[in-house]
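In: Any chance you could fold what I've pasted below:
(chains A and B)
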Amino acid sequence: MKQKPTLPRGTRDYTPAMMLRRNYIISHIKEVFEKFGFLPLETPAMENLSVLMGKYGEEGDQLLYKILNQGDFLKNVQPEDLKKGSKLFALQIAEKGLRYDLTVPFARFVVMNQHDLAFPFKRYQIQPVWRGDAPQKGRYREFYQCDADVVGTNSLICEAEIILMMNEVLGKRLGIQGFEIKINHRKILAGIAEKIGAEGKENELCVAIDKLDKIGKEKVEQELLQRGFSENNIQALQPIFDVPANNEAKIQFLEDFLQNSAVGSEGIADLKQIFEYLQLFDSQTSFPVVVDITLARGLSYYTGAIFEVKVKNSAVGSISGGGRYDNLTGTFGLQGMAGVGFSFGLDRIYDVLEEQNLFPAQTQSTTQMLFTNFDKESEKFVLPLLKKLRDAGYKAEIYPQSTKLDKQFKYADKKQIPFVLVAGSEEMKNNEISVKNMQTGEQKRIKIENLQTFFQEQL
RNA sequence: GAGAAUGUAGCUCAGUUGGUUAGAGCAUCGGUUUGUGGCACCGAGGGUCGUGGGUUCGAGUCCCAUCUUUCUCCCCA
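Out: Coordinates of the predicted model:
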């Protein structure tokens, strides 16, 4: 009868201790998004499969969680339907699925509400997504994405603002050390492909070049050969393997290298414009932005600038990323809706903050004071005080039953509540209460009329 | 989809060439302290050893199957 409770594979509970820390991160992200004019949006956990299917490639369709139809889902099924194979049959008995990312539901939303929205439309969205992938270290079947997108504009001010937001959240607010905002441009990659005589093969080029810092030049060349690039292509690619490190020099180099390529030059012009906007926004700060031509990003719908944030000397991978796309809503029949978006990797940011020991102490607990409970008499004495302190804005609680003080103190200790208030017959007689500071162990008798001023000084 | 491990108390794990009633630490509860946490000491509860089959006088230990979880590759956040 007794069965062990379990969790579906690849999912986890977020304990109160974790939630306090996650909320700390999320609150900064939200504040910054809103400061830049992004508004919150939430969409349902489930979408119609017709919305989700075919948007993530064949593999993506496989990883979609499908929801069995309500009621008698076999009602209209014939025995021969089973012969169609499980993929097709699944679609006959499931018409809904769990969202796989936030971008496609967002595109769906934009199309459905196109006549009511104020364009350029800016929204942020922080919600879980589900993927039926094999879980691994740092990879889950349910995880959160924090996306912000602007649609309906080509302005590169948006790109510059993305850099500002990344810098403000990760650097200024959360205090992460040694992070780098890498930037590249799909058109530069296309230009390179064109220049080396492998026009139109920039996707393959991207996939291989993306691994440069992981597997090294030799292996990348091997992979390029395997992917159908010629020795000549690879020969022409050589200068790319030792571009200058400095941003300006790198842009200068690329400008020369790509001067005959129209697309390539467009990409360079965009990057220059983005840097110019950054200058205008703030000429004092030097943002940790690095032009990195090995940055490709897997997502095929990116068409302009692409971003990725990495922390140097950390095992945690990229903690933020994004890019510009030309045609977000095309598959839903709304053409020419260009935009740019990015997202923060909540779980990875969490790991980095833990690694760099950056969570403030107050993210350990929220209750500021605990009233102990002796008996009915002390309840009478203490409840009005509790109400007053709460009205004054303090987070306060009472141990709801009377048990041994020992137990009540252990409770406070475990919840890391900084103050414990004790009122027994001794104190009540003198209209006082004993206040114990749990960190120092110091205990004082305070007149109840002085309680609030006492806490004003202490907290 | 390919490969490699793993499973014993709530948690982390020990358990010898197969041999009585399967152990430890942490956690929980009780006591030393009927009004005071962290520290210490004493004590208690808690396990059909993942599941099914097989070998054996005897299986946590050996064999087969199955499931679970974890890791690597692929891909991704």
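In: And the helices in the stretch 251-400 of chain A?
Out: Using DSSP state H, counting those that start in this stretch, the helices of the stretch 251-400 of chain A run over A:262-281, A:346-355, A:376-391.
In: Just give me the lowest mean pLDDT stretch among the ones you listed.
Out: Ranked by mean pLDDT, the helices of the stretch 251-400 of chain A end with helix A:346-355 at the bottom, a mean of 88.
In: thinking again about what came up before, need the helices of the stretch 251-400 of chain A in CSV (columns: distance to residue A:12 and mean neighbour count).
Out: The way it works is simple: take the backbone N, C-alpha and C, and place the C-beta from them, glycine included. Converted to CSV, those look like this (distance: least, Cβ to Cβ, whole Å; neighbours: other Cβ atoms under 10 Å):
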stretch, distance to residue A:12, mean neighbour count
helix A:262-281, 38, 18
helix A:346-355, 10, 19
helix A:376-391, 33, 14
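In: For RNA strand B, which of those helices is the nearest?
Out: helix A:346-355 (6.1 Å; Cβ to the nearest atom of the strand).
In: ok, and does the closest one reach over to RNA strand B?
Out: Yes - using Cβ under 7 Å from any atom of the strand, we find that helix A:346-355 touches RNA strand B at A:347-348.
In: State whether residue A:66 and residue A:89 are indeed in contact, as I suppose.
Out: No - counting by Cβ atoms under 8 Å, residue A:66 does not reach residue A:89; the two are 10.9 Å apart.
In: Looking at those two, which is more packed in?
Out: residue A:66 (19 against 14; other Cβ atoms under 10 Å).
In: Just give the nearest non-adjacent residue to the more buried one, would you?
Out: residue A:94 (4.0 Å; Cβ to Cβ, 6 or more residues apart in numbering).
In: For the one you found, what are phi and psi?
Out: When read as degrees, to the nearest 10, the backbone of residue A:94 gives phi -130, psi 120.
In: what bridges to it?
Out: Beta bridges link residue A:94 to residue A:68, judged by DSSP bridges.
In: measure it to residue A:24 for me?
Out: 38 Å (Cβ to Cβ, to the nearest Å).
In: cool, residue A:153 as well?
Out: Distance from residue A:153 to residue A:24, by Cβ to Cβ: 32 Å.
In: and if you look at residue A:59?
Out: Distance from residue A:59 to residue A:24, by Cβ to Cβ: 35 Å.
In: and those two? which has more neighbours close in?
Out: Of the pair residue A:59 and residue A:24, residue A:24 is the one with more neighbours under other Cβ under 10 Å, namely 18 against 8.
In: which sections of chain A are below the confidence cut-off?
Out: Across chain A, residues meeting the criterion (pLDDT under 70) sit at A:1-4, A:298-300, A:363-364.
In: domains for it, by residue range?
Out: With automatic domain parsing as the criterion, the domains of chain A are listed as A:16-41+A:114-355, A:46-98, A:365-458.
In: among those domains, which is the most enclosed?
Out: Sort the domains of chain A by mean neighbour count, taking mean count of other Cβ atoms under 10 Å, and domain A:16-41+A:114-355 sits at the top with a mean of 18.
In: distance between the ends of that domain?
Out: 20 Å (Cα to Cα, to the nearest Å).
In: how distant is that domain from the center of its chain?
Out: 14 Å (Cα atoms, centre = their mean, to the nearest Å).
In: Let me know whether stretch A:155-170 sits next to RNA strand B.
Out: No - judged by Cβ under 7 Å from any atom of the strand, stretch A:155-170 stays clear of RNA strand B, getting no closer than 13.5 Å.
In: What are the contacting residues of that stretch?
Out: Residues from elsewhere that reach stretch A:155-170, judged by Cβ atoms under 8 Å, 6 or more residues apart in numbering: A:28-29, A:32-33, A:36, A:120, A:148, A:150, A:176, A:179, A:181, A:183, A:270, A:273-274, A:277-278, A:281-282, A:285, A:287-289, A:304-305, A:307, A:309, A:319-320, A:322, A:324, A:340, A:342, A:344, A:349.
In: Output it as CSV, nothing but the C-alphas.
Out: Taking C-alpha atoms only, stretch A:155-170 is exported to CSV below (Å, rounded to 0.1, in the frame of the first residue of the first chain):
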residue,chain,number,x,y,z
SER,A,155,15.9,49.8,-35.2
LEU,A,156,19.3,48.9,-33.8
ILE,A,157,18.6,50.9,-30.7
CYS,A,158,16.9,47.7,-29.5
GLU,A,159,20.2,45.8,-29.9
ALA,A,160,22.0,48.4,-27.9
GLU,A,161,19.3,48.3,-25.2
ILE,A,162,19.7,44.6,-25.0
ILE,A,163,23.3,45.1,-24.1
LEU,A,164,22.3,47.7,-21.6
MET,A,165,19.8,45.3,-19.9
MET,A,166,22.3,42.4,-19.8
ASN,A,167,24.9,44.7,-18.2
GLU,A,168,22.5,46.1,-15.7
VAL,A,169,21.0,42.8,-14.6
LEU,A,170,24.1,40.7,-14.6
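In: and the residue lying closest to residue A:93 once chain neighbours are set aside, helix, strand or coil?
Out: Leaving aside its sequence neighbours, residue A:93 sits nearest to residue A:73 (Cβ to Cβ, 6+ apart; 4.5 Å). The assignment at residue A:73 comes out as coil when based on DSSP: H, G, I helix; E, B strand; the rest coil.
In: Where does residue A:454 sit: helix, strand or coil?
Out: helix.
In: How about the residues of the stretch 301-450 of chain A by RNA strand B?
Out: With the criterion set to Cβ under 7 Å from any atom of the strand, the stretch 301-450 of chain A comes near RNA strand B through A:317-318, A:321, A:343, A:345, A:347-348, A:404-407, A:409-410, A:412-414, A:420, A:422, A:424-427, A:434, A:436, A:438-439, A:441, A:443.
In: Taking the stretch 101-250 of chain A, what residue is nearest to RNA strand B?
Out: Closest point on the stretch 101-250 of chain A to RNA strand B, by Cβ to the nearest atom of the strand, is residue A:137, at 3.1 Å.
In: Nearest residue to residue A:54 in space, please, no chain neighbours.
Out: Using Cβ to Cβ, 6+ apart, the closest residue to residue A:54 is residue A:61 (6.8 Å).
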